[in-house]
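Enquirer: attaching a predicted model along with its sequence, questions to come.
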Amino acid sequence: MSANRMSSTPQEQAQAPKRRLWAIYAPMLWMLIFFALPFLLVVKISLSQTVLARPPYVPVFDLPLEWSDFLDRLGLFSFEAYQGLFNDPLYLDAYLSSVRVAGLSTLVCMLIAYPFALSLTRVHPNWRPFFFGLAIAPFCTSFLIRVYAWIAILKDEGFLNHLLLWLGVIEAPLQIFATDSAVLIGIVYSYLPFMILPIYVAIERQDQSLLEAAADLGASPWSAFWRVTFPLSLPGVIAGALLVFIPAIGEFVIPDLLGGSQTLMIGHTIWVDFFDNRDWPSAAAAAVLLLALLLVPIWAYERLQSTIASEGL
Amino acid sequence: MSDAILRLTSISKYFGTVRAVDDVSLEVKPGEFFALLGPSGCGKTSLMRLIAGFEQADQGQVIIDGQDVSHLPAYRRQVNMMFQSYALFPHMSVERNIAFGLVQDGVSKAEIANRVSDILDLVQLSGLGHRKPQQLSGGQKQRVALARALVKRPRLLLLDEPLAALDRKLREETQFELMRIQRELGTSFMLVTHDQDEAMGMAQRMAVMRAGRIEQIGSPREIYDQPANDFVASFIGKVNFFEAQVSALAVGQTSLRLSNGAEITLASSAYALGQRLRLALRPEDVRVRTTRGAAEFGSGPSGFAALVQDSVFLGERQVLRLQLADGALIEAVHISTQGVAYERGMQVEVTLPPDRVRVLPA
């Protein structure tokens, strides 16, 4: 890579910093328009009071804004929605239950994805596109259709129960649909590729001579895996875990369709607040708090990445 | 010999239809510095991987320290290897890299600490034990790789092109360093290299390989002075070849006429009249002197005329490219301290000392 750069002309070198600036600012602009601005709107709503009106909250910072208006409206500035989050045990339960379901899904994804990714790195390169295809094929269909398909599989008189009854494994249909288990299955199924790919990359880029060195020093394949391959693949495992955990924790569609009435997840709670209760400030506050909670693992991951970049693993 | 550390008996390895290693037998003695030398693709790396156990031989036996390990996997063989890429574990500090094999063997913590610190002293890396491989220079990484392989006290250490990744100056230092460590520990070393200087400089004995086969085994001097064939002669150092035919026989003597018309007499009677031979002579053995008077292309019993085509001054020596009467080019090395400076276009007289001439199968 770096050898290719040696031939660049002085003009090219002069243009390089400009191009680099573009490369940085273009995604930042994107993030500003499609993430930061909407998020600020959500923060704004979360600091307002609920009213039975349209929109269903008191506008605090809406334009046009005179200086005197601003001071007036500062009085309307309200933390009520946030206080509500802490006073109503529903929110805490929903957060904890989301963390539990997302965490469990992440763990199950890991247990399935790791062996899959590991064997992918061991099959002949000609066969890899085929197995990748298997992992990615479901994405060719709409997400909603795939979740509905799971209803057909998991419901009491669904394919799975028919199969198990036919095999004689069970005598009465299992109640899977409309339970947390169904939500777990749905999340694991939907996010598995996001776990497989980073783990595969982390294992695939490892120097094969490291395994030979381990064997040379007396490590059996089992021991070499735990002492070399696995620790070196941890960045991939962590990346995969975040890619699964973060979207899973705010997941709305899967618990809504596959979960039951007792399934409590924060994404679903926010949806209910917005659309059923028309309590926009509470929903917005719950969303802001969710993001704040997710920043912790993201920040930890960034730290880990930069440590690896500077010192190695 | 049963006291060999390593004995290979008729080892062969096929990759598809390619014979990577073809009927190789050799022995490495205790405490010996042995080199496997050959051009790239000659099978020397495959042979070493067979010894380490990364590949299993299709035929033949690998016997290490009296034990037939032909069918044992790498992790059950009492051999350690220093990888060309060093293959240091990037997630472990220098100390933990070195301790890897000892931890694997269940050595006690206290002893591991002692042995790691001793070996760090030996390779002169004391104080760098807590660094990560990424924080080391190429030369330092190489020392860690060496220490990691040696700390298990193997009977045989395999070194795969150990100097290939180092710059010229470091390479020379490391060469002496490896020889010192090998002497101090008394471990048998097997060096694999494509660089004849490396092999000749370090090894006590060496094997020259080509196309999966061993062409010759011997000490560097034996191989240099008495190459078994054209390939060995030209791979190890430079060599001039002459075509010759036996022109006269006497008791204990054979006269040869070279293709350029010159004659030389060998102190041997092993040849038949009219037999065609191929002679090899090292450039430094070609005697050159200035021609006195009017020089002519021709030949006398003592020497023959040649024209200096090119002359390269290299400080302590001068390399000459000489054109003979029949148009053939040969190379000669002239030691600069011998007074005369040869220049392009000069006429010279060349003699071939019969005792330095090596007769090869034609």
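Expert: Structure received. Since the structure is predicted, the reported quantities are computational estimates derived from the model, not experimental observations.
Enquirer: pLDDT-wise, which helix or strand of chain A ranks last?
Expert: One helix or strand of chain A scores below all others by mean pLDDT, DSSP states H and E: helix A:2-5, with a mean of 41.
Enquirer: for chain A, what lies in contact range of chain B?
Expert: Contact residues (Cβ under 8 Å from any Cβ of the partner chain) of chain A with chain B: A:207, A:209-210, A:212-221, A:223-224, A:227-228, A:231-232, A:311-313. Just so you know, the C-beta spots here come from the backbone N, C-alpha and C atoms, and that holds for glycine as well.
Enquirer: let's see which of those residues end up in strands.
Expert: When the residues of chain A next to chain B are checked against strands (DSSP state E), there are no matches.
Enquirer: okay, and which of these map to helices?
Expert: Residues of the residues of chain A next to chain B located in helices (DSSP state H): A:209-210, A:212-216, A:221, A:223-224, A:231-232, A:311.
Enquirer: now for those: which two are most distant?
Expert: A:221 and A:311 (28.6 Å; Cβ to Cβ).
Enquirer: which parts of the stretch 51-200 of chain B are strands?
Expert: For the stretch 51-200 of chain B, applying DSSP state E, counting those that start in this stretch gives strands covering B:59-64, B:67-68, B:79-82, B:156-160, B:188-193.
Enquirer: so which of those gets nearest residue B:142?
Expert: strand B:79-82 (8.0 Å).
Enquirer: give the other helices and strands that the closest one contacts.
Expert: helix A:208-216, helix B:44-52, helix B:138-150, strand B:156-160 (3 or more Cβ pairs under 8 Å, 6 or more residues apart in numbering or on different chains; DSSP states H and E).
Enquirer: 10 Å - rerun?
Expert: helix A:208-216, helix B:44-52, helix B:138-150, strand B:156-160, strand B:188-193 (3 or more Cβ pairs under 10 Å, 6 or more residues apart in numbering or on different chains; DSSP states H and E).
Enquirer: make TSV out of those and add mean neighbour count, mean pLDDT and distance to residue B:8.
Expert: Output for the helices and strands packed on strand B:79-82, formatted as TSV (neighbours: other Cβ atoms under 10 Å in any protein chain shown; pLDDT from 0 to 100; distance: least, Cβ to Cβ, whole Å):
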stretch	mean neighbour count	mean pLDDT	distance to residue B:8
helix A:208-216	21	95	18
helix B:44-52	24	95	7
helix B:138-150	22	94	20
strand B:156-160	25	95	12
strand B:188-193	25	95	11
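Enquirer: how about the ones you listed in a markdown table, adding distance to residue A:50?
Expert: Shown next, in a markdown table, are the helices and strands packed on strand B:79-82 (distance: least, Cβ to Cβ, whole Å):
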| stretch | distance to residue A:50 |
| --- | --- |
| helix A:208-216 | 59 |
| helix B:44-52 | 73 |
| helix B:138-150 | 65 |
| strand B:156-160 | 73 |
| strand B:188-193 | 78 |
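Enquirer: and those: which comes nearest residue A:28?
Expert: helix A:208-216 (37.7 Å).
Enquirer: contacting residues for the residue of the stretch 151-300 of chain A found nearest chain B?
Expert: Proximity of the stretch 151-300 of chain A to chain B (Cβ to the nearest Cβ) peaks at residue A:217, 3.5 Å away. For residue A:217, the contacting residues are A:223-224, A:227, B:74-75, B:80-81, B:87, B:89, B:97-105, B:148-149, B:151-152, B:154, by Cβ atoms under 10 Å, 6 or more residues apart in numbering or on different chains.
Enquirer: show me the contact partners of stretch A:272-285.
Expert: For stretch A:272-285, using Cβ under 10 Å, 6+ apart, the contacting residues are A:39, A:41-58, A:78-85, A:88, A:90-91, A:94, A:252, A:256, A:269-271, A:286-287.
Enquirer: among those residues, name the buried ones.
Expert: Among the contacts of stretch A:272-285, the ones that count as buried by 16 or more other Cβ atoms under 10 Å in any protein chain shown are A:42, A:44-48, A:50, A:56-58, A:78, A:80-82, A:84-85, A:91, A:94, A:256, A:269-271, A:286-287.
Enquirer: so which of the residues you listed belong to helices?
Expert: A:42, A:44-46, A:80-82, A:84-85, A:91, A:94, A:256, A:269-271, A:286-287.
Enquirer: hang on, the earlier thing: redo the strands of the stretch 51-200 of chain B as a markdown table? Include distance to residue B:268.
Expert: Shown next, in a markdown table, are the strands of the stretch 51-200 of chain B (distance: least, Cβ to Cβ, whole Å):
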| stretch | distance to residue B:268 |
| --- | --- |
| strand B:59-64 | 37 |
| strand B:67-68 | 43 |
| strand B:79-82 | 44 |
| strand B:156-160 | 40 |
| strand B:188-193 | 34 |
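Enquirer: tell me which of those strands sits nearest to residue B:124.
Expert: strand B:79-82 (16.1 Å).
Enquirer: give me the sheet partners of the closest one and which way each runs.
Expert: strand B:156-160 (parallel) (DSSP bridges).
Enquirer: with just CA atoms, put the partner strand into CSV.
Expert: Output of strand B:156-160 as CSV, limited to C-alpha atoms (Å, rounded to 0.1, in the frame of the first residue of the first chain):
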residue,chain,number,x,y,z
LEU,B,156,17.6,-29.6,17.7
LEU,B,157,16.8,-26.0,16.7
LEU,B,158,15.5,-25.3,13.2
LEU,B,159,16.2,-21.8,11.8
ASP,B,160,14.2,-20.9,8.7
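Enquirer: and it with helix A:208-216, angle?
Expert: Relative orientation of strand B:156-160 and helix A:208-216, computed by axes from the mean of the first three to the mean of the last three Cα atoms, to 10 degrees: 170 degrees.
Enquirer: got the angle between strand B:156-160 and helix B:138-150?
Expert: Using the same axes, to 10 degrees: strand B:156-160 against helix B:138-150 is 150 degrees.
Enquirer: what's the local residue count around whichever residue of the stretch 101-250 of chain B sits closest to chain A?
Expert: Nearest residue of the stretch 101-250 of chain B to chain A, counting by Cβ to the nearest Cβ: residue B:101, 3.5 Å away. By other Cβ atoms under 10 Å in any protein chain shown, the residues close to residue B:101 number 25.
Enquirer: and what of residue A:119?
Expert: Neighbour number of residue A:119 under other Cβ under 10 Å is 11.
Enquirer: okay, how far is it across stretch A:25-37, tip to tip?
Expert: Length of stretch A:25-37, first residue to last, Cα to Cα, to the nearest Å: 16 Å.
Enquirer: pLDDT of that stretch, averaged?
Expert: The average pLDDT within stretch A:25-37 is 87.
Enquirer: what's that stretch in contact with?
Expert: Against stretch A:25-37 from outside (Cβ under 10 Å, 6+ apart): A:22, A:39.
Enquirer: if you count neighbours, what's buried in it?
Expert: For stretch A:25-37, it's none, nothing buried (16+ other Cβ under 10 Å).
Enquirer: helices of the stretch 51-200 of chain A, start to end?
Expert: Assigned by DSSP state H, counting those that start in this stretch, the helices in the stretch 51-200 of chain A fall at A:67-74, A:80-87, A:89-122, A:128-136, A:143-154, A:159-167, A:180-204.
Enquirer: counting contacts, what elements does the longest one pack onto?
Expert: In other words, helix A:89-122. Applying 3+ Cβ pairs under 10 Å, 6+ apart, one finds that helix A:89-122 contacts helix A:80-87, helix A:128-136, helix A:180-204, helix A:230-249, helix A:253-258, helix A:266-271, helix A:280-311.
Enquirer: spell out which parts of the stretch 151-300 of chain B neighbour chain A.
Expert: B:151-152, B:154, B:158, B:160 (Cβ under 10 Å from any Cβ of the partner chain).
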